[in-house]
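Chemist: Give me a model of this one.
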Amino acid sequence: MRFGRNDDTEPRVNLTPLIDVVFILLIFFMVSARFADERVLALELPPAAHAGATKEAHVDVRVTPGGGFEVAGESVAAEALVASLRAQRAQYPDRALRVRADRDARHGAVVRVFDAAAAAGFARVDVATRSQE
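Modeler: Reported below is the predicted structural model:
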């Protein structure tokens with residue numbers, strides 16, 4: 001008398017649930033991943049705790065609330081910003097660029113100054129802040 005199985009086939013592992021789990025994990029990671037093309041500017045930003053007057057000479061760029069620009073005290077159109085910064089860079093090659101933006105200035109105008117500074121060849125860009133006292 002034989003008890004048990006009568007067939008001589010070997011047991012098989014069903015891979016369908018494993019494949020389903022792998023596909024679900026793949027979909028989860030594809031959906032939750034962030035694909036961003038962010039360009040990073042190498043800037044040395046002064047911390048707000050050290051805000052105040054510095055003894056180091058700078059080339060000053062002001063951004064007005066209306067989005068206008070002033071380089072070294074002279075009004076400059078947005079199209080001439082890079083040329084003006086290149087002239088300042090040629091005149092003062094060792095100076096850093098200091099951006100003084102009004103708190104109501106648009107973010108895009110400040111980014112335009114950073115782009116113009118990179119195009120003009122400034123290696124160091126500081127952002128002027130004031131202390132919270």
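Chemist: where exactly do the strands run in the protein?
Modeler: Using DSSP state E, the strands found in the chain span residues 58-63, 69-71, 74-76, 96-101, 125-127.
Chemist: for the last one, the distance to its chain's centre please.
Modeler: With CA atoms, centre = their mean, to the nearest Å as the basis, strand 125-127 stands 14 Å off its chain's centre.
Chemist: so V76 bridges to which residues?
Modeler: On the basis of DSSP bridges, V76 takes part in beta bridges with F69.
Chemist: I'd say it and F69 touch.
Modeler: Yes. In this structure, V76 sits in contact with F69. The criterion is CB atoms under 8 Å, and the distance is 4.8 Å. (C-beta placed from N, C-alpha, C; glycine too.)
Chemist: Any regions of this structure where pLDDT drops low?
Modeler: By pLDDT under 70, the weakly predicted segments of the chain are 1-8, 35-55, 129-133.
Chemist: which one's the longest helix in it?
Modeler: Scanning the chain for the longest helix, with DSSP state H as the assignment, gives helix 16-32.
Chemist: Okay, buried residues for it please.
Modeler: By neighbour count with 16 or more other CB atoms under 10 Å, helix 16-32 contains no buried residues.
Chemist: cool, stretch 79-90 as well?
Modeler: Along stretch 79-90, these residues count as buried under the neighbour rule (16+ other CB under 10 Å): L81, V82, S84, L85, Q88, R89.
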